[in-house]
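A.B. asks: Quick one, structure for this:
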Amino acid sequence: MIVAGLMTGTSADALDVALVDFTTPDDAPGDELTMELLDHREVAFPDDLGRDLLRLLEPGPVPLSLVADVDSRLGILSAEAIGQVLAETRVDCDLVVSHGQTVQHLLAGGEVRATLQIGQPAWIAERTGCPVLSDVRARDVAAGGQGAPLASMLDHLLLADPAEVTAALNLGGIANLTVVAPGADPLAYDTGPANALIDVMARRISGDPRGFDRGGAMAAAGEVDTELLAQLLDEPYYRQPAPKSTGKELFHAGYLDRALSTRPDLAANDVVATLTRLSAETVAAECRRHAVARVVASGGGTRNPVLMAELARSLDDGVVLEDTTSLGLPGDAKEAVLMALVGWLSWHGLPATLPSCTGASRGTVAGRITPGHQLLRLPEPRVAPPERLRPKNTPVPQAPTEGEL
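C.D. replies: Numbering: from 1, shown residues only. This next block holds a predicted model:
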């Protein structure tokens with residue numbers, strides 16, 4: 001079964017696309033699922049769409065007309081992106097899975113009350129003719145879960161039967177961790193900011209509303225301010241028990257401004273250096289909590305050498321730090337592959353979430369389906385989920401495009 005996965009994360013800078021061929025023996029349910037990565041690429045958002053998405057991510061009221069407009073524009077861009085991939089690869093896709101952009105993830109007392117992703121799937125179904133799975137978090141929330149981290153299912157299958165305690169780490173806008181230990185249920189949660197606060201400061205320094213600390217140059221030019229770091233580490237979220245989730249509803253520009261009000265004379269690069277250390281130390285503290293021996297990292301933060309060096313320094317001696325290529329999966333493709341996996345599981349009537357990771361009362365089949373051009377026919381549900389996922393190949397990624405589709 002060929003599934004296309006589309007993902008845009010909290011950084012709201014680009015659409016990740018992966019085309020994945022899943023195979024498993026029909027007579028061996030619950031055994032190994034094999035995936036072949038046929039294509040993966042990143043499509044940068046046009047400047048106006050990127051700005052509007054970032055506006056929706058900041059706390060405060062926004063016009064409903066803007067939400068509706070961005071919902072449609074993101075759906076159209078997603079449709080054109082996957083349409084181009086299918087045309088270039090000449091592959092017939094069975095299902096498209098679109099995560100959309102999370103614009104609200106509302107928590108109260110540690111419980112998620114609502115989660116909202118936009119990016120109208122009807123545009124994708126009409127453009128490609130394929131059925132589209134979307135809204136993949138809400139069912140887990142309805143079952144009492146956090147709706148996150150969804151990556152825990154992919155991590156659980158990739159890291160099946162580990163010889164030692166292993167953590168899969170994603171460094172996006174928010175850092176999330178999946179801990180897989182021998183003989184134990186997996187555990188997953190958001191540890192705190194990875195790039196979210198760094199990006200806020202980098203954009204102020206550069207004047208680019210979509211800028212970031214390229215190559216860690218800003219952090220490298222600054223020095224860590226221990227007073228600001230101690231203040232930031234006192235955030236109550238870090239003391240909450242797992243499972244838990246967070247996002248830009250907490251770690252946003254206003255949050256940073258309140259912290260900086262006590263240190264108004266800090267040099268801008270010193271702030272970036274301190275925020276980089278914060279991201280590393282909060283991740284390392286959670287790895288220490290679970291006696292992690294190996295960390296497998298992915299996400300945009302892995303391209304920041306200063307952040308990775310800070311993480312390596314903060315981890316306990318002897319902890320191995322590597323990226324997902326060690327598992328046979330390009331790090332840049334991981335989240336889009338995750339969406340494809342969620343689609344394969346849902347299509348076969350299998351839960352896409354793990355209660356031990358999201359806190360839900362049970363594992364749930366994720367998402368809702370927008371039919372394509374043909375009569376919608378679902379296969380007979382599988383009896384048992386796969387026990388592991390084995391990547392078959394790792395193609396060279398396509399160069400990022402600038403939204404020219």
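
A.B. asks: Give me the distance between the two termini of stretch 127-147.
C.D. replies: End-to-end distance for stretch 127-147, by CA to CA, to the nearest Å: 29 Å.

A.B. asks: Just the buried positions in it, please.
C.D. replies: Neighbour-count burial for stretch 127-147 flags 127-141, 143, 145-147 (criterion: 16 or more other CB atoms under 10 Å). Yep, even glycine has a C-beta here, placed from its N, CA and C like the rest.

A.B. asks: helices or strands up against the one helix or strand L37 maps to?
C.D. replies: Here L37, judged by DSSP states H and E, is contained in strand 32-44. If contacts are counted by 3 or more CB pairs under 8 Å, 6 or more residues apart in numbering; DSSP states H and E, strand 32-44 sits against strand 14-23, helix 64-89, helix 334-347, strand 388-391.

A.B. asks: Return the angle between stretch directions for it and strand 14-23.
C.D. replies: 160 degrees (axes from the mean of the first three to the mean of the last three CA atoms, to 10 degrees).

A.B. asks: Please spell out which residues along strand 32-44 are buried.
C.D. replies: Within strand 32-44, judged by 16+ other CB under 10 Å, the buried ones are L33, M35, E36, L37, L38, D39, H40, R41, E42, V43, A44.

A.B. asks: Any chance of TSV for these, columns pLDDT?
C.D. replies: Below are these laid out as TSV (pLDDT from 0 to 100):
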residue	pLDDT
L33	94
M35	96
E36	96
L37	97
L38	97
D39	97
H40	96
R41	96
E42	94
V43	95
A44	92
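
A.B. asks: Strands of the stretch 201-350 of the chain, residue ranges please.
C.D. replies: Assignment of strands within the stretch 201-350 of the chain using DSSP state E, counting those that start in this stretch yields the ranges 294-298, 320-323.

A.B. asks: re earlier: please export the C-alpha coordinates of the strand holding L37 as CSV.
C.D. replies: C-alpha atoms of strand 32-44 as CSV (Å, rounded to 0.1, in the frame of the first residue of the first chain):
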residue,chain,number,x,y,z
GLU,A,32,7.1,-7.0,10.7
LEU,A,33,5.9,-4.1,8.6
THR,A,34,8.3,-3.0,5.9
MET,A,35,8.5,0.5,4.4
GLU,A,36,10.2,1.7,1.3
LEU,A,37,10.7,5.5,1.1
LEU,A,38,9.9,6.3,-2.5
ASP,A,39,10.3,10.1,-2.3
HIS,A,40,10.6,12.8,0.3
ARG,A,41,11.0,16.5,0.1
GLU,A,42,10.4,19.8,1.8
VAL,A,43,8.3,22.6,0.2
ALA,A,44,8.8,26.0,1.8
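
A.B. asks: relative to helix 64-89, how tilted is the helix or strand following that strand?
C.D. replies: Reading on from strand 32-44 to the C-terminus, the next helix or strand found by DSSP H and E is helix 47-57. If you take the same axes, to 10 degrees, helix 47-57 sits at 130 degrees to helix 64-89.

A.B. asks: Single out the most deeply packed of the helices and strands packed on strand 32-44.
C.D. replies: When you average the neighbours per residue for each of the helices and strands packed on strand 32-44 (mean count of other CB atoms under 10 Å), helix 334-347 leads with a mean of 27.

A.B. asks: tell me the angle it makes with strand 294-298.
C.D. replies: Using the same axes, to 10 degrees: helix 334-347 against strand 294-298 is 90 degrees.
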